[in-house]
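Trainee: any chance you can model this:
(one chain, ligands or ions: 1)
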Amino acid sequence: MLKDKKILLGITGSIAAYKAATLTRLLVKEGAKVKVVMTPLAKEFITPVTMATLSNNPVMSDFFSYDDGDWHSHVALGVWADLFLIAPASANTMAKMATGVCDNLLLTTYLSMRCQVMLAPAMDMDMYAHPATQGNLSILKSRGNIILEPSSGELASGLSGKGRMEEPEEILEAVKKHFSKKKSLDGKKILITAGPTYEPIDPVRFIGNYSSGKMGFAIAIKSAEMGAQVDLICGPASGLPTHPLIKIHQVKTAGEMFAAAVKLFKKSDVAVMAAAVADFTPEKVAPEKIKRKGDEMIIKLVPTKDIAAELGKAKTKKQVLVGFALESQDEMKNAVKKLKSKNLDLIVLNSLRDKGAGFGFDTNKITVIDKDNKICNFELKHKNEVAADILDKIIEIL
Ligand code: CTP
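Mentor: Coordinates of the predicted model:
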């Protein structure tokens with residue numbers, strides 16, 4: 001099943017490092033080619049000799065090999081690997097990965113990785129539960145890394161709780177599942193709009209909204225993982241996803257987003273309109289900063305063009321168009337109205353009345369409605385899982 005798959009195994013400083021030996025044996029037995037990269041501290045927990053013997057390859061830990069004067073190229077490792085599996089992943093390494101610190105070979109390799117990264121965290125339960133660790137995990141998840149949740153049980157500290165690294169057999173199953181996953185969007189082109197738009201009033205002020213872009217980014221990452229080529233048109237937002245199959249088109253205003261979307265839609269199989277596009281824009285942008293004068297200030301706003309509606313008009317029978325509706329009242333009625341008026345194939349409804357759904361959250365609770373008024377309700381989930389649910393619905397139509 002894993003024949004000739006190139007797996008780079010990253011080992012960090014944790015008692016669970018001993019399990020990396022069994023894991024390596026299991027991977028090699030399945031036919032995988034395994035190379036090992038260790039953090040300096042990991043060598044205190046398991047020896048490079050053991051790992052080199054089991055993987056049939058020299059272990060890399062330093063930037064240079066002083067014996068033969070060779071440079072261990074993290075870039076070459078990033079190109080070589082089909083999967084970067086970090087097991088165990090310590091709290092320290094995950095924190096550095098989340099912030100881009102790269103003070104050892106494992107971390108520079110992470111930043112150079114082109115393939116999927118999978119992490120099996122291992123640490124004390126309180127470290128795992130700490131908001132800092134959970135925050136870092138959430139960042140890593142949002143960037144498309146697969147996290148193999150630790151299990152609960154007896155820990156090296158003697159305490160009992162959540163933090164035990166998954167057993168090597170379980171990790172092997174996850175690796176096999178990853179490689180067997182059908183790339184169900186292989187060769188498809190997906191256009192995604194995400195984030196807010198900023199409509200300028202003068203050189204220093206704008207009308208915007210609270211959209212974080214997270215939902216659109218999660219759909220972009222999932223689509224790319226499923227093999228799609230993604231064009232992501234993104235308004236001003238931070239935390240943009242990185243993936244070799246995602247091309248980012250950065251825009252600021254609704255007008256710029258409209259122009260980019262209309263152009264790119266022609267070559268797309270699917271378009272997902274996840275952006276919170278401003279409905280109105282100032283009629284005139286003041287060339288200089290507006291000074292305070294008088295008691296009131298009136299800015300005349302004019303409507304922006306509706307991107308989803310325009311794509312709905314241009315849509316061919318082969319193209320799938322998906323819109324979003326974030327509503328605060330009469331949710332279903334409003335969503336169905338938008339589905340019909342914009343000629344969408346699917347609309348994803350989220351209600352501002354649901355806790356944990358809407359702008360800024362890492363979670364979302366959606367209802368998907370299709371053209372035949374078929375309604376599908378989903379539970380509150382992480383936006384990555386919500387993205388997978390939405391893509392499953394799109395694949396059904398495709
Ligand atoms: N949308 C768009 N272009 C616009 C406005 C909205 O592409 N100028 C898209 C959104 O990305 C979303 C869908 O249309 O997929 C619905 O957006 P929403 O703001 O909820 O709907 P509006 O049509 O603007 O209606 P209203 O604001 O009155 O609820």
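
Trainee: ok now do the one residue in the stretch 1-150 of the chain that gets nearest to the ligand, which residues does it touch?
Mentor: When distances are taken as C-beta to the nearest ligand atom, the stretch 1-150 of the chain reaches nearest to the ligand at S142, 20.1 Å away. From N, CA and C alone the C-beta is placed, and that goes for glycine too. With contact set as C-beta atoms under 8 Å, 6 or more residues apart in numbering, S142 has these partners: K214, F217, A218, I221, G239, P241, D362, K383, N384.

Trainee: what's the PyMOL line that selects buried ones from the residues you listed?
Mentor: Here is the PyMOL command that selects the buried residues among these (16 or more other C-beta atoms under 10 Å):
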select buried, resi 214+217+218+221+241+362+383+384
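
Trainee: what's the spacing between the residue lying farthest from the centre of the chain and the ligand?
Mentor: Relative to the mean C-alpha coordinate of the chain, counting by C-alpha atoms, centre = their mean, the farthest residue is G294 (47.9 Å). Between G294 and the ligand the computed distance is 30 Å (C-beta to the nearest ligand atom, to the nearest Å).

Trainee: now A228
Mentor: Applying C-beta to the nearest ligand atom, the value for A228 to the ligand is 19 Å.

Trainee: A strand includes L349, no?
Mentor: Yes: L349: assigned to a strand according to DSSP: H, G, I helix; E, B strand; the rest coil.

Trainee: quick check: it touching E331?
Mentor: Yes: proximity of L349 to E331 meets the contact threshold set by C-beta atoms under 8 Å, at 5.8 Å.

Trainee: the more surrounded of these two?
Mentor: Taking neighbours as other C-beta atoms under 10 Å, L349 and E331 compare with L349 leading, 24 against 18.

Trainee: chain neighbours aside, what residue packs nearest to the more buried one?
Mentor: With C-beta to C-beta, 6 or more residues apart in numbering as the criterion, L349 has its nearest non-adjacent residue at 4.1 Å, and that residue is A335.

Trainee: anything in the host helix or strand of the one you found near the ligand?
Mentor: Per DSSP states H and E: A335 is located in helix 331-341. Yes: using C-beta under 6 Å from any ligand atom, we find that helix 331-341 touches the ligand at K338.

Trainee: so which elements touch that helix?
Mentor: The contact analysis (3 or more C-beta pairs under 8 Å, 6 or more residues apart in numbering; DSSP states H and E) places helix 331-341 against strand 320-327, strand 346-351, strand 367-370.

Trainee: try it again at 10 Å.
Mentor: helix 307-314, strand 320-327, strand 346-351, strand 367-370, strand 375-377 (3 or more C-beta pairs under 10 Å, 6 or more residues apart in numbering; DSSP states H and E).

Trainee: relative to helix 307-314, how tilted is that helix?
Mentor: Put simply, helix 331-341 runs at 40 degrees to helix 307-314, going by axes from the mean of the first three to the mean of the last three C-alpha atoms, to 10 degrees.

Trainee: what residues does the stretch 251-398 of the chain have near the ligand?
Mentor: Contact residues, the stretch 251-398 of the chain versus the ligand (C-beta under 6 Å from any ligand atom): 254, 273, 275, 277, 279, 304, 306-308, 323-326, 338.

Trainee: grab the nearest non-local neighbour of Q319.
Mentor: D269 (6.3 Å).

Trainee: to clarify, my last question referred to L326.
Mentor: Spatial nearest neighbour of L326, excluding adjacent residues (C-beta to C-beta, 6+ apart): N350 at 5.4 Å.

Trainee: please apply the same query to M257.
Mentor: What sits nearest to M257 in space, not counting adjacent residues and going by C-beta to C-beta, 6+ apart, is V251, at 4.8 Å.

Trainee: isn't the one you found up against K263?
Mentor: No: taking contacts as C-beta atoms under 10 Å, V251 lies outside contact range of K263: 11.5 Å.

Trainee: quick one: which of the two has more around it?
Mentor: More neighbours surround V251 than the other of V251 and K263, with 21 against 13 (other C-beta under 10 Å).

Trainee: now that one: how far from the ligand?
Mentor: Between V251 and the ligand the computed distance is 12 Å (C-beta to the nearest ligand atom).

Trainee: return the residues in contact with that residue.
Mentor: 193, 195, 197-198, 233-236, 257-261, 275 (C-beta atoms under 10 Å, 6 or more residues apart in numbering).

Trainee: one more time with 7 Å
Mentor: Applying C-beta atoms under 7 Å, 6 or more residues apart in numbering to V251 gives the contacts I233, G235, M257, A260.

Trainee: the third one: how many residues sit nearby?
Mentor: Yep, that's M257 we're talking about. By other C-beta under 10 Å, neighbour count at M257 equals 26.

Trainee: please apply the same query to the last one.
Mentor: For A260, the number of neighbouring residues by other C-beta under 10 Å comes to 19.

Trainee: residues in contact with the helix or strand where it lies?
Mentor: Taking DSSP H and E as the definition, one finds A260 inside helix 254-265. Outside helix 254-265, the residues that touch it by C-beta under 7 Å, 6+ apart are 191, 193, 197, 199, 231, 233, 235, 249, 251, 271, 275, 277-278, 281, 304-305, 307, 310-311, 314.

Trainee: now it: average pLDDT?
Mentor: The average of the pLDDT scores along helix 254-265 is 98.

Trainee: wait, is S152 part of a strand?
Mentor: Yes: the assignment for S152 is a strand, going by three-state DSSP.

Trainee: show me what contacts the residue nearest to I248 when sequence neighbours are not counted?
Mentor: Excluding its sequence neighbours, the residue lying closest to I248 (C-beta to C-beta, 6+ apart) is L232, at 5.1 Å. Counting by C-beta under 7 Å, 6+ apart, L232 makes contact with I192, A194, A220, I246, K247, I248, H249.
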